[in-house]
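>>> curious how this folds, go ahead:
(one chain, ligands or ions: 1)
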Amino acid sequence: MSIYTFMENLFKEPYTLPTIVITVAIAVFITHLQETKKLNEEKEEEQRKKIESSENVVKKNEGGSTSSESTSTASSSKPKAFALPETPLPPPNWSRIFTHEELAQHDGSKDDLPIYVAIKGTVFDVTTKKAMYGPSGGYHCFAGKDASKALGMSSLKAEDCIADYSTLSEKERKTLDDWYSFFEKRYPIVGKTGDA
Ligand SMILES: *[C@@H]1O[C@H](CO)[C@@H](O)[C@H](O)[C@H]1NC(C)=O
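I've put the predicted structure just below:
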(Lines give C-alpha, C1' and ligand atoms only; values in the text may rest on other atoms or scores of the structure.)
Protein backbone atom coordinates (compact mmCIF):
# COMPACT_ATOMS: atom_id res chain seq x y z
CA MET A 1 0.00 0.00 0.00
CA SER A 2 1.44 3.35 -1.02
CA ILE A 3 1.51 6.26 1.36
CA TYR A 4 -1.21 7.94 -0.72
CA THR A 5 -3.60 5.01 -0.40
CA PHE A 6 -2.80 4.93 3.26
CA MET A 7 -3.62 8.61 3.64
CA GLU A 8 -6.79 8.25 1.56
CA ASN A 9 -7.95 5.43 3.78
CA LEU A 10 -7.17 7.49 6.84
CA PHE A 11 -9.29 10.38 5.63
CA LYS A 12 -12.16 8.06 4.70
CA GLU A 13 -12.52 6.92 8.29
CA PRO A 14 -15.17 9.07 9.98
CA TYR A 15 -13.18 9.97 13.11
CA THR A 16 -9.67 10.08 11.74
CA LEU A 17 -9.51 13.73 10.76
CA PRO A 18 -9.99 15.06 14.31
CA THR A 19 -7.56 12.40 15.47
CA ILE A 20 -4.94 13.64 12.99
CA VAL A 21 -5.54 17.25 14.02
CA ILE A 22 -5.09 16.32 17.68
CA THR A 23 -1.98 14.28 16.93
CA VAL A 24 -0.45 17.16 15.00
CA ALA A 25 -1.35 19.56 17.80
CA ILE A 26 0.31 17.31 20.35
CA ALA A 27 3.40 16.97 18.15
CA VAL A 28 3.64 20.76 17.76
CA PHE A 29 3.22 21.19 21.51
CA ILE A 30 5.94 18.65 22.30
CA THR A 31 8.32 20.29 19.82
CA HIS A 32 7.58 23.62 21.44
CA LEU A 33 8.34 22.18 24.89
CA GLN A 34 11.59 20.68 23.67
CA GLU A 35 12.66 23.94 22.08
CA THR A 36 11.87 25.93 25.20
CA LYS A 37 13.90 23.46 27.24
CA LYS A 38 16.81 23.70 24.82
CA LEU A 39 16.67 27.50 24.88
CA ASN A 40 16.68 27.53 28.68
CA GLU A 41 19.61 25.16 28.78
CA GLU A 42 21.52 27.33 26.32
CA LYS A 43 20.75 30.40 28.41
CA GLU A 44 22.00 28.73 31.59
CA GLU A 45 25.16 27.55 29.88
CA GLU A 46 25.79 31.04 28.56
CA GLN A 47 25.30 32.55 32.02
CA ARG A 48 27.64 29.98 33.56
CA LYS A 49 30.31 30.73 30.96
CA LYS A 50 29.95 34.44 31.58
CA ILE A 51 30.43 34.06 35.33
CA GLU A 52 33.41 31.84 34.74
CA SER A 53 35.00 34.31 32.37
CA SER A 54 34.47 37.19 34.76
CA GLU A 55 36.06 35.12 37.52
CA ASN A 56 38.94 34.42 35.19
CA VAL A 57 39.36 38.12 34.44
CA VAL A 58 39.54 38.77 38.16
CA LYS A 59 41.96 35.84 38.54
CA LYS A 60 44.24 37.16 35.81
CA ASN A 61 44.35 40.53 37.52
CA GLU A 62 45.82 38.80 40.53
CA GLY A 63 49.22 39.43 39.00
CA GLY A 64 52.26 37.33 38.14
CA SER A 65 52.39 35.67 41.52
CA THR A 66 50.34 32.67 40.36
CA SER A 67 52.62 29.79 39.51
CA SER A 68 52.02 27.82 36.33
CA GLU A 69 51.01 24.89 38.51
CA SER A 70 48.13 26.71 40.15
CA THR A 71 47.07 28.17 36.79
CA SER A 72 46.82 24.77 35.17
CA THR A 73 44.93 23.37 38.15
CA ALA A 74 42.46 26.21 37.90
CA SER A 75 41.75 25.70 34.22
CA SER A 76 41.90 21.94 33.85
CA SER A 77 39.98 20.52 36.79
CA LYS A 78 36.68 22.20 37.55
CA PRO A 79 37.75 25.08 39.80
CA LYS A 80 36.68 24.59 43.40
CA ALA A 81 35.33 28.12 43.48
CA PHE A 82 32.46 27.13 41.17
CA ALA A 83 31.42 24.06 43.09
CA LEU A 84 28.12 24.28 44.88
CA PRO A 85 28.17 23.60 48.62
CA GLU A 86 27.53 19.99 49.57
CA THR A 87 25.33 20.85 52.52
CA PRO A 88 22.30 23.10 52.10
CA LEU A 89 22.84 26.75 53.04
CA PRO A 90 21.35 28.03 56.30
CA PRO A 91 18.32 30.30 55.88
CA PRO A 92 19.17 33.99 55.28
CA ASN A 93 19.13 36.21 58.35
CA TRP A 94 17.51 39.36 57.06
CA SER A 95 17.09 40.81 60.55
CA ARG A 96 20.78 41.45 61.06
CA ILE A 97 21.76 44.93 59.88
CA PHE A 98 25.44 45.75 59.44
CA THR A 99 26.94 49.20 59.80
CA HIS A 100 29.90 50.02 57.55
CA GLU A 101 32.22 49.86 60.57
CA GLU A 102 30.90 46.46 61.61
CA LEU A 103 31.16 45.06 58.10
CA ALA A 104 34.71 46.42 57.80
CA GLN A 105 35.75 44.23 60.77
CA HIS A 106 34.97 41.21 58.59
CA ASP A 107 37.57 41.70 55.88
CA GLY A 108 39.62 38.68 56.93
CA SER A 109 42.33 40.61 58.73
CA LYS A 110 41.01 39.35 62.08
CA ASP A 111 41.53 35.62 62.34
CA ASP A 112 38.67 34.98 64.77
CA LEU A 113 36.04 36.81 62.70
CA PRO A 114 34.22 35.43 59.67
CA ILE A 115 34.83 37.09 56.28
CA TYR A 116 31.88 38.91 54.74
CA VAL A 117 31.26 40.33 51.28
CA ALA A 118 28.18 42.39 50.53
CA ILE A 119 26.49 42.66 47.14
CA LYS A 120 23.63 45.07 46.57
CA GLY A 121 23.23 45.36 50.33
CA THR A 122 23.12 41.63 51.04
CA VAL A 123 25.91 40.36 53.30
CA PHE A 124 27.36 36.93 52.43
CA ASP A 125 29.65 34.82 54.62
CA VAL A 126 32.55 33.81 52.39
CA THR A 127 34.77 32.47 55.19
CA THR A 128 34.98 29.09 53.41
CA LYS A 129 36.90 30.86 50.63
CA LYS A 130 39.42 32.57 52.87
CA ALA A 131 42.16 31.91 50.31
CA MET A 132 40.28 34.11 47.85
CA TYR A 133 38.79 36.83 50.06
CA GLY A 134 41.31 36.91 52.90
CA PRO A 135 44.21 39.38 53.10
CA SER A 136 46.38 37.46 50.63
CA GLY A 137 43.55 36.51 48.29
CA GLY A 138 42.93 37.90 44.84
CA TYR A 139 39.43 39.06 45.82
CA HIS A 140 40.42 40.72 49.09
CA CYS A 141 39.28 44.08 47.75
CA PHE A 142 35.65 42.86 48.00
CA ALA A 143 35.92 41.73 51.64
CA GLY A 144 34.49 43.67 54.57
CA LYS A 145 32.41 45.92 52.36
CA ASP A 146 29.76 46.18 49.73
CA ALA A 147 31.73 46.00 46.50
CA SER A 148 28.80 45.98 44.07
CA LYS A 149 30.34 48.47 41.64
CA ALA A 150 33.60 46.49 41.26
CA LEU A 151 31.74 43.20 40.82
CA GLY A 152 29.56 44.70 38.09
CA MET A 153 32.68 45.97 36.32
CA SER A 154 34.74 42.81 37.01
CA SER A 155 37.27 45.22 38.47
CA LEU A 156 39.71 44.78 41.33
CA LYS A 157 40.60 48.43 41.67
CA ALA A 158 40.18 49.66 45.25
CA GLU A 159 38.32 52.75 44.07
CA ASP A 160 35.71 50.55 42.36
CA CYS A 161 35.09 48.45 45.49
CA ILE A 162 32.16 50.56 46.64
CA ALA A 163 28.46 49.99 47.20
CA ASP A 164 27.19 52.69 44.82
CA TYR A 165 26.62 50.94 41.52
CA SER A 166 24.41 53.64 40.02
CA THR A 167 27.04 54.39 37.36
CA LEU A 168 27.00 50.83 35.98
CA SER A 169 25.78 50.22 32.45
CA GLU A 170 22.92 47.83 31.78
CA LYS A 171 25.40 45.11 30.86
CA GLU A 172 27.43 45.67 34.02
CA ARG A 173 24.26 45.51 36.11
CA LYS A 174 23.54 42.15 34.52
CA THR A 175 27.06 40.99 35.50
CA LEU A 176 26.40 42.25 39.03
CA ASP A 177 23.14 40.28 39.16
CA ASP A 178 24.98 37.20 37.89
CA TRP A 179 27.44 37.61 40.76
CA TYR A 180 24.55 37.98 43.18
CA SER A 181 23.03 34.66 42.12
CA PHE A 182 26.50 33.08 42.08
CA PHE A 183 26.98 34.09 45.74
CA GLU A 184 23.40 33.30 46.68
CA LYS A 185 23.92 29.68 45.62
CA ARG A 186 27.22 29.29 47.48
CA TYR A 187 27.45 31.48 50.55
CA PRO A 188 25.14 31.92 53.55
CA ILE A 189 23.36 35.26 53.81
CA VAL A 190 24.11 36.66 57.26
CA GLY A 191 22.38 40.01 57.02
CA LYS A 192 22.17 43.23 55.06
CA THR A 193 23.83 46.62 55.09
CA GLY A 194 21.99 49.58 56.57
CA ASP A 195 21.85 51.42 53.28
CA ALA A 196 20.33 48.56 51.26
C1 LIG B 1 19.69 36.95 63.08
O2 LIG B 1 20.17 38.22 63.46
C3 LIG B 1 19.68 38.72 64.67
C4 LIG B 1 20.16 40.16 64.84
O5 LIG B 1 21.57 40.23 64.83
C6 LIG B 1 20.12 37.80 65.80
O7 LIG B 1 19.61 38.25 67.03
C8 LIG B 1 19.62 36.39 65.51
O9 LIG B 1 20.12 35.48 66.48
C10 LIG B 1 20.05 35.92 64.13
N11 LIG B 1 19.39 34.68 63.81
C12 LIG B 1 20.08 33.59 63.47
C13 LIG B 1 19.26 32.40 63.13
O14 LIG B 1 21.30 33.59 63.43
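
>>> show me what the helix or strand containing G152 is packed up against.
In the assignment (DSSP states H and E), G152 maps to helix 148-153. In terms of contacts (3 or more C-beta pairs under 8 Å, 6 or more residues apart in numbering; DSSP states H and E), helix 148-153 is packed against strand 116-119, helix 170-186. Every residue, glycine included, has its C-beta placed from N, CA and C.

>>> kindly recompute the last result at 10 Å.
In terms of contacts (3 or more C-beta pairs under 10 Å, 6 or more residues apart in numbering; DSSP states H and E), helix 148-153 is packed against helix 16-60, strand 116-119, helix 170-186.

>>> get me the contact residues on the protein for the ligand.
93, 95-96 (C-beta under 6 Å from any ligand atom).

>>> quick one, domains of this protein?
1-60, 92-196 (automatic domain parsing).

>>> which of the ones you listed has the lowest mean pLDDT?
Among the domains of the chain, domain 1-60 has the lowest mean pLDDT, at a mean of 64.

>>> picking that back up, pipe the residues of the chain next to the ligand into a markdown table and attach distance to Y133 and secondary structure per row.
Formatted as a markdown table, the residues of the chain next to the ligand follow (distance: C-beta to C-beta, whole Å; DSSP: H, G, I helix; E, B strand; the rest coil):
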| residue | distance to Y133 | secondary structure |
| --- | --- | --- |
| N93 | 19 | coil |
| S95 | 24 | coil |
| R96 | 19 | coil |
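
>>> T193 contacts E101, correct?
No. Counting by C-beta atoms under 10 Å, T193 does not reach E101; the two are 11.3 Å apart.

>>> higher neighbour count, the two?
T193 (21 against 7; other C-beta atoms under 10 Å).

>>> what's the closest residue to S95 other than its chain neighbours sitting at in phi/psi?
Distance criterion C-beta to C-beta, 6 or more residues apart in numbering; nearest residue to S95, sequence neighbours excluded, is G191 at 7.6 Å. As for G191, its main-chain torsions (degrees, to the nearest 10) stand at phi 160, psi -170.

>>> residues contacting G191?
For G191, the contacting residues are 92-98, 102-103, 116, 118, 121-125, by C-beta atoms under 10 Å, 6 or more residues apart in numbering.

>>> buried ones among those residues?
92, 98, 102-103, 116, 118, 121-125 (16 or more other C-beta atoms under 10 Å).

>>> so which pair among those residues is furthest apart in space?
Pairwise distances across the buried ones among the contacts of G191 (C-beta to C-beta) peak at 17.5 Å, for the pair P92 and E102.

>>> D178: neighbour count?
17.

>>> for E41, same thing?
For E41, using other C-beta under 10 Å, the count is 10.

>>> what does the helix holding G152 contact?
Here helix 148-153 has contacts from 54, 57-58, 117-122, 139, 141-142, 155-169, 171-180, 182-183, using C-beta under 10 Å, 6+ apart.

>>> mind redoing it with 6 Å?
119-120, 160-163, 165, 168, 172, 175-176, 179 (C-beta atoms under 6 Å, 6 or more residues apart in numbering).
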